[in-house]
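Visitor: kindly return the folded structure for what I paste below:
(2 chains)
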Number of protein chains: 2
Amino acid sequence: MKIPVGFKFGGLACGIKASGKKDLALISTQQPAVAAGVYTQNVVCAASIDWNRSITPSADFRAVLVNSGNANACTGEQGAKDNQVMASLVAESLSTVAALVKPESVAVLSTGVIGHALPMDLLTTGISSVAGTVGDGEQNFIDAAEAIMTTDQGRKVASREVQIGGQAVAVVGMAKGAGMIGPNMATMLGIICTDAKVNADQAAAMIKSAADRSFNRISVEGHTSTNDALVLICSGQVGEAIQSDADLAVLQQAIDEVCLETAKMIPADGEGATHLVEIQIEGASSDDDAEKIARTIASSNLVKTAVTGADPNWGRIVSAAGYAGVPMDLSQTRLELNGFPIFDQGEPLSFDAKQVSDAIKDNFETKVALVVGSGSGKAIHWTSDLTVDYVRFNSEYTT
Amino acid sequence: MKIPVGFKFGGLACGIKASGKKDLALISTQQPAVAAGVYTQNVVCAASIDWNRSITPSADFRAVLVNSGNANACTGEQGAKDNQVMASLVAESLSTVAALVKPESVAVLSTGVIGHALPMDLLTTGISSVAGTVGDGEQNFIDAAEAIMTTDQGRKVASREVQIGGQAVAVVGMAKGAGMIGPNMATMLGIICTDAKVNADQAAAMIKSAADRSFNRISVEGHTSTNDALVLICSGQVGEAIQSDADLAVLQQAIDEVCLETAKMIPADGEGATHLVEIQIEGASSDDDAEKIARTIASSNLVKTAVTGADPNWGRIVSAAGYAGVPMDLSQTRLELNGFPIFDQGEPLSFDAKQVSDAIKDNFETKVALVVGSGSGKAIHWTSDLTVDYVRFNSEYTT
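Guide: The predicted structure is shown next:
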């Protein structure tokens, strides 16, 4: 993995998590950088989300601080104050006599339990420690990627290297997420870093486009978090300012790929998941309609449990498509499961149920390919299956 | 239970279900009756739904035939033909030399596995048998109510008696449903019978209104069936034609109550359910917004599993409300669980978690009361919790 030029990473345990696992990450740039973000659509959102929305897009960006173990959501005015203190502490740590860094140059991401005040004493010490240990090595990057995890089974990272204007540009990304939200739950976070030189408007357009093709196409149970955030940071330390559409497209492609690779790791690591389910829709009236059908299928507990049970249950899939609230033409509807045609023109085909079931059982990825008519609309979505372990994990509660 | 005048009921096993349980019900009127229905919004719908939509509202109605164990959905042209044969066989059985009954006077409801052709030989014999055994006793009514069941643990029936114009009018209802759909799954059906005298337009308005307040406010997992149907039949054998708004309101109230009582039995009998969850929303901008919030909370697997685990998890409930896609004012948001205030003005209250948890654990009904602002919009919704048994039941599959 080639770490992009101009970044420093760090991650350590500051004591938020009782387990003693890493819970604080810092990603900083050595010079003012460009940054843009996309944030949760939930009207109930954390203090950090309001803060980040107000400071991005930015052409004077210097760092993102991430704490895990406490989401600082539903914490009222105190939460907003604490968030600002965190940004200020990071800004101070980056300031020099020659150059004062403003709190508004620092984004904050939080994930973990909600409704609890942050332990600011631990964070104050922690921010000082992590600021002193950041570095530009791959291990520093990995430390940061591990410090943002909550219920994740493992770190979620990806990287690409592309040539733009004769220069080797690096893009790296880290993400976290396994379930969506709740006092004992998680959130989706993503941080993408590149040394390419783009302006704030370009960065904002690129991360929005990448999110629409990746993090907005995944779900575990569909419960939107109060803290979801995806941030793109561009240090601009490699090459000239990117101007041409062709060069922008190369960078966009690399960012898309890093986003998609890390995004797909989330449902693959979904709480209790035994399958990653890919849902491909074609033939809808529009891409939006196709996306609605894909999401409706992905949200059906009956579809999810059928995959868990390796049940080639075309009825649950086709009927879920039918209540997506958009047109579909049953007479032209065709379904393949893991490549096996099992439904066509409104009726089930004759197929070897054991063979299709075995194909689901023996593969971690289940591919649902559904044609719903003759339109040009298409979409793809990834989700987890629904298992006994998911229910156990999310209903375990003892007072 | 007072059986309304002018109806005959019957139910028996004709052999569709391998278990030998009852699978064919007939409800007929002795004279031409008024009937109206509301049907699934799923664009993938069964042959019977198309048929019923074309023949209701009706002022020349005579019977509804219900078969369970086979939904006759996704069965193409053969399914439509079979459905018409069923209606014709019932019509013939009701015809006399003096009065020929048309197939268009007979509704057909089907529920059970989808994608399989109906066993028409068994049904032909069965329709003849059930037509010969119908009667107006309470046991006949119960036989019919049991014959419409699939995965239901028990029959779902309710009745009311009201005075209209000095006459005792009876309303009885039967429903079925426990999970939504799939080759191994179920459907929601409801049949309401009254001896009040109303016209077809009145009946159509009344059943639509009753459905909106009952069967449209419940969910198990939110997967809309291909076969959902609710039919109101009015024999008109008691009293004069109802004209006044006051009298109509009395009848509407009785129909509403029978619908609501039977509708709530569905999530209470939800597959694997250990709790019936009542979600009350107040303070929304409109009733529609409140309904969207209620449905979003009811559809959250994290909320459902929290109830299963007796976890007073305000974060999952409040954050689910936040992504319903409608306005809410967090600073005015207030949540009570089983009467205990646990969240107010955007922040969790201090509460005895064990006490609230015990209140969830010790009661079959969990009451979620959420105020989301100062608007006048309100709604109520009932759903099941999500348990390990639900997942087991719906993921059991062996080839």
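Visitor: distance of the residue in the stretch 101-250 of chain A that chain B sits nearest to from B:Ala36?
Guide: Distances between the stretch 101-250 of chain A and chain B by CB to the nearest CB are smallest at A:Thr224, namely 3.8 Å. (Glycine included, C-beta is placed from N, CA and C.) The gap separating A:Thr224 from B:Ala36 is 39 Å, by CB to CB, to the nearest Å.
Visitor: cool, A:Arg155 as well?
Guide: For A:Arg155, the distance to B:Ala36 - CB to CB - is 59 Å.
Visitor: with A:Ala170 instead?
Guide: Using CB to CB, we find A:Ala170 at a distance of 67 Å from B:Ala36.
Visitor: between the two, who's got more neighbours?
Guide: Comparing A:Ala170 with B:Ala36 by neighbour count (other CB atoms under 10 Å in any protein chain shown), the higher total belongs to B:Ala36, at 26 against 22.
Visitor: shouldn't the more buried one be within a strand?
Guide: Yes. Counting by DSSP: H, G, I helix; E, B strand; the rest coil, B:Ala36 is part of a strand.
Visitor: does it touch B:Met206 like I think?
Guide: Yes. Between B:Ala36 and B:Met206 there is a contact under CB atoms under 8 Å: 7.5 Å.
Visitor: give me the common contacts of the two.
Guide: Counting by CB atoms under 8 Å, 6 or more residues apart in numbering or on different chains, the shared contacts of B:Ala36 and B:Met206 are B:Leu232.
Visitor: now the residue of the stretch 101-250 of chain A closest to chain B. Its backbone dihedrals?
Guide: Main-chain torsions, A:Thr224, degrees, to the nearest 10: phi -70, psi 130.
Visitor: so for it, what's the pLDDT?
Guide: Among the per-residue scores, A:Thr224 shows a pLDDT of 78.
Visitor: that one and B:Arg213, how far apart?
Guide: For A:Thr224 relative to B:Arg213 (CB to CB), the value is 29 Å.
Visitor: in terms of neighbours, single out the busier of the two.
Guide: A:Thr224 (24 against 16).
Visitor: any idea which helix or strand in chain A has the lowest mean pLDDT?
Guide: When the helices and strands of chain A are scored by mean pLDDT, DSSP states H and E, strand A:218-219 comes last with a mean of 86.
Visitor: check whether the very next helix or strand once past that one comes near chain B.
Guide: Of the helices and strands lying after strand A:218-219 in sequence (DSSP states H and E), the nearest is strand A:229-234. No. Contact of strand A:229-234 with chain B (CB under 8 Å from any CB of the partner chain) is absent, the minimum separation being 14.9 Å.
Visitor: gap between A:Lys21 and A:Gly112?
Guide: Applying CB to CB, the value for A:Lys21 to A:Gly112 is 11 Å.
Visitor: compare the two (neighbour count), which wins?
Guide: Using other CB under 10 Å as the criterion, A:Lys21 and A:Gly112 rank with A:Gly112 on top: 24 against 14.
Visitor: show me what contacts the more buried one?
Guide: A:Ile16, A:Lys17, A:Asp23, A:Asn67, A:Ser68, A:Gly69, A:Asn70, A:Ala71, A:Thr150, A:Ala186, A:Thr187.
Visitor: my read: the first one touches A:Lys22, true?
Guide: No. In terms of CB under 8 Å, A:Ile16 does not count as a neighbour of A:Lys22; the distance is 9.8 Å.
Visitor: quick one: the helices in the stretch 101-250 of chain A?
Guide: Here the stretch 101-250 of chain A has its helices, by DSSP state H, counting those that start in this stretch, at A:120-133, A:138-147, A:200-213, A:245-268.
Visitor: show me what the helix or strand following the longest one is packed against.
Guide: Past helix A:245-268, heading to the C-terminal end, the next element that is a helix or strand (DSSP H and E) is strand A:276-284. In terms of contacts (3 or more CB pairs under 8 Å, 6 or more residues apart in numbering or on different chains; DSSP states H and E), strand A:276-284 is packed against helix A:245-268, helix A:287-299, helix A:301-308, strand A:365-371, strand A:377-384.
Visitor: direction included, what does the fourth one pair up with?
Guide: Right, the one you point to is strand A:365-371. Using DSSP bridges, the strands paired with strand A:365-371 are strand A:276-284 (parallel), strand A:334-337 (antiparallel).
Visitor: could the ones you listed go into TSV alongside mean neighbour count, distance to B:Pro119 and mean pLDDT?
Guide: Formatted as TSV, the strands paired with strand A:365-371 follow (neighbours: other CB atoms under 10 Å in any protein chain shown; distance: least, CB to CB, whole Å; pLDDT from 0 to 100):
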stretch	mean neighbour count	distance to B:Pro119	mean pLDDT
strand A:276-284	23	34	97
strand A:334-337	21	25	98
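Visitor: okay, the ones you listed in JSON lines with distance to A:Lys81 next?
Guide: Shown next, in JSON lines, are the strands paired with strand A:365-371 (distance: least, CB to CB, whole Å):
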{"stretch": "strand A:276-284", "distance to A:Lys81": "41"}
{"stretch": "strand A:334-337", "distance to A:Lys81": "52"}
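Visitor: so which of those gets nearest A:Asn140?
Guide: Checking those against A:Asn140 by CB to CB gives strand A:276-284 as the closest, at 29.5 Å.
Visitor: could you measure from A:Ala298 over to chain B?
Guide: A:Ala298 sits 12 Å away from chain B, taking CB to the nearest CB, to the nearest Å as the criterion.
Visitor: returning to that earlier point: pretty sure the residue of the stretch 101-250 of chain A closest to chain B contacts A:Tyr39?
Guide: No. Here A:Thr224 does not reach A:Tyr39: they are 11.0 Å apart, not a contact under CB under 8 Å.
Visitor: give the residue spans of chain A that score low on pLDDT.
Guide: A:180-186, A:397-399 (pLDDT under 70).
Visitor: make it 80
Guide: Within chain A, the ranges that satisfy pLDDT under 80 run A:178-187, A:221-224, A:397-399.
Visitor: and of the helices of the stretch 101-250 of chain A, who's closest to B:Asp143?
Guide: The closest of the helices of the stretch 101-250 of chain A to B:Asp143 is helix A:245-268. By CB to CB, the value is 47.4 Å.
Visitor: what's that closest one packed up against?
Guide: Applying 3+ CB pairs under 8 Å, 6+ apart, one finds that helix A:245-268 contacts strand A:156-164, strand A:167-176, strand A:189-194, helix A:200-213, strand A:218-219, strand A:276-284, strand A:377-384.
Visitor: can you put the ones you listed in JSON lines and add distance to A:Asp60?
Guide: Compiled in JSON lines, those are given as follows (distance: least, CB to CB, whole Å):
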{"stretch": "strand A:156-164", "distance to A:Asp60": "23"}
{"stretch": "strand A:167-176", "distance to A:Asp60": "22"}
{"stretch": "strand A:189-194", "distance to A:Asp60": "17"}
{"stretch": "helix A:200-213", "distance to A:Asp60": "9"}
{"stretch": "strand A:218-219", "distance to A:Asp60": "32"}
{"stretch": "strand A:276-284", "distance to A:Asp60": "39"}
{"stretch": "strand A:377-384", "distance to A:Asp60": "36"}
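Visitor: can you say which of the ones you listed is packed in most?
Guide: Mean neighbour count (mean count of other CB atoms under 10 Å in any protein chain shown) peaks for strand A:189-194 among the helices and strands packed on helix A:245-268, with a mean of 29.
Visitor: could you export that one as CSV, CA atoms only?
Guide: Provided in CSV are the C-alpha atoms of strand A:189-194 (Å, rounded to 0.1, in the frame of the first residue of the first chain):
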residue,chain,number,x,y,z
LEU,A,189,-17.5,6.0,8.8
GLY,A,190,-15.1,6.4,5.8
ILE,A,191,-12.0,8.5,5.3
ILE,A,192,-10.4,8.7,1.9
CYS,A,193,-6.9,10.3,1.5
THR,A,194,-5.2,11.2,-1.7
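Visitor: can you give the distance of it from its chain's centre?
Guide: 9 Å (CA atoms, centre = their mean, to the nearest Å).
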